[in-house]
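Student: structural data only, the sequence is not supplied:
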């Protein structure tokens, strides 16, 4: 989007170090939250293996419900707020229905994009390769956008904001810092991929740690971008595209 500058924020290495520190001190809460999501993920994998693709697609959005509990704890920790085990259930009660609706939209988008990529690969030729390239690009963009979106959805300092406002800020953040968020998303993808070798890490550690990294990285960036946008709208910034502070 024209006029949106590139916000400066914490480096990814610093965010990873902070997330490791956070996980060490909050593991007694983060591990149960991750385990709740991990058990749901394991159940979904069993369903996916034993049933057809339609049931797999229909049940996939259910994973978003325990996921908001994990991300909420990560966001509270990144905001240096008190975290208790009951915050998991509070987050699920508060955000679970919305997360389920978002999960449906994401599952449908992934299914459509993946189907188009497969169709394009089978078609071959310029049209087929173009369709595959666009579909794969869409999947990557969805993965990159998902990290700031989920964190901003449960950000305790933006609880009074409508969902549209938080979704818009997440999209603006991707536009303002695409390279930074793409790099973070790649690192998190590799982390989750490597953790599947020891599957117990997926059930108990890796997703929660990834959520912490995302919170430590995306929340300061979104705060800086939002301040810059407010200054620009108030006349304090260059409307022709001065970089964000």
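Tutor: Everything's here; your move. Everything numeric here is computed off the predicted structure, so don't read it as measured data.

Student: list the buried residues in the top helix by length along the chain.
Tutor: What stands out as the longest helix in the chain, according to DSSP state H, is helix 12-50. The neighbour-count check on helix 12-50 (16 or more other C-beta atoms under 10 Å) flags 12, 15-16, 18-19, 22-23, 26, 29-38, 40-41, 44, 47 as buried. Glycine gets a C-beta too; all of them are placed from N, C-alpha and C.

Student: same question, stretch 56-71
Tutor: 56, 59-71.

Student: show me those that map onto helices.
Tutor: Using DSSP H, the subset of the buried residues of stretch 56-71 located in helices is 56, 59, 64-71.

Student: residue 134: which of the residues you listed is nearest?
Tutor: Using C-beta to C-beta, residue 56 is the member of these that sits closest to residue 134, with 24.0 Å.

Student: check what pLDDT that closest one gets.
Tutor: Here the pLDDT value assigned to residue 56 is 90.

Student: tell me the contacts of the spatially closest residue to it that is not a sequence neighbour?
Tutor: Beyond its immediate neighbours in the sequence, the residue positioned closest to residue 56 (C-beta to C-beta, 6 or more residues apart in numbering) is residue 48, lying 4.2 Å away. Contact analysis of residue 48 by C-beta atoms under 8 Å, 6 or more residues apart in numbering lists 55-56, 59.

Student: one more: residue 100?
Tutor: Applying C-beta under 8 Å, 6+ apart, the residues near residue 100 are 61-62, 64-65.

Student: in CSV: those residues, plus pLDDT and distance to residue 94.
Tutor: What follows is the contacts of residue 100, written out as CSV (pLDDT from 0 to 100; distance: C-beta to C-beta, whole Å):
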residue, pLDDT, distance to residue 94
61, 95, 18
62, 95, 17
64, 96, 14
65, 96, 11
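
Student: which among those gets closest to residue 135?
Tutor: Residue 135 lies nearest to residue 61 out of those, by C-beta to C-beta, at 20.4 Å.

Student: stretch 172-191: how far from the chain's middle?
Tutor: Counting by C-alpha atoms, centre = their mean, to the nearest Å, stretch 172-191 is centred 10 Å from the centre of its parent chain.

Student: repeat for stretch 203-222
Tutor: Stretch 203-222 has its C-alpha centroid displaced from the chain centroid by 8 Å (C-alpha atoms, centre = their mean).

Student: now residue 76: which helix or strand?
Tutor: Secondary structure assigned from DSSP states H and E places residue 76 in helix 64-78.

Student: quick one: secondary structure of residue 161?
Tutor: Here residue 161 is recorded as coil under DSSP: H, G, I helix; E, B strand; the rest coil.

Student: next, count neighbours for it.
Tutor: The number of residues packed near residue 161 is 15, by other C-beta atoms under 10 Å.

Student: start at 45, not 1
Tutor: Okay, residue one is now 45; in that scheme the one you just asked about reads as residue 205.

Student: next one: it from residue 136, what distance?
Tutor: For residue 205, the distance to residue 136 (C-beta to C-beta, to the nearest Å) stands at 20 Å.

Student: how about residue 278?
Tutor: Applying C-beta to C-beta to residue 278 and residue 136 gives a distance of 38 Å.

Student: for residue 117, same thing?
Tutor: Separation of residue 117 from residue 136 (C-beta to C-beta): 11 Å.

Student: quick one: contacts of the helix or strand of the chain with the lowest mean pLDDT?
Tutor: Within the chain, no helix or strand scores below helix 243-248, which has a mean of 87 by mean pLDDT, DSSP states H and E. Helix 243-248 is contacted by residues 75, 78-79, 82-83, 85-86, 236, 239-240 when judged by C-beta under 8 Å, 6+ apart.

Student: out of those, the closest to residue 126 would be?
Tutor: So of these, ranked by how close each gets to residue 126 (C-beta to C-beta), first place is residue 75, at 18.0 Å.
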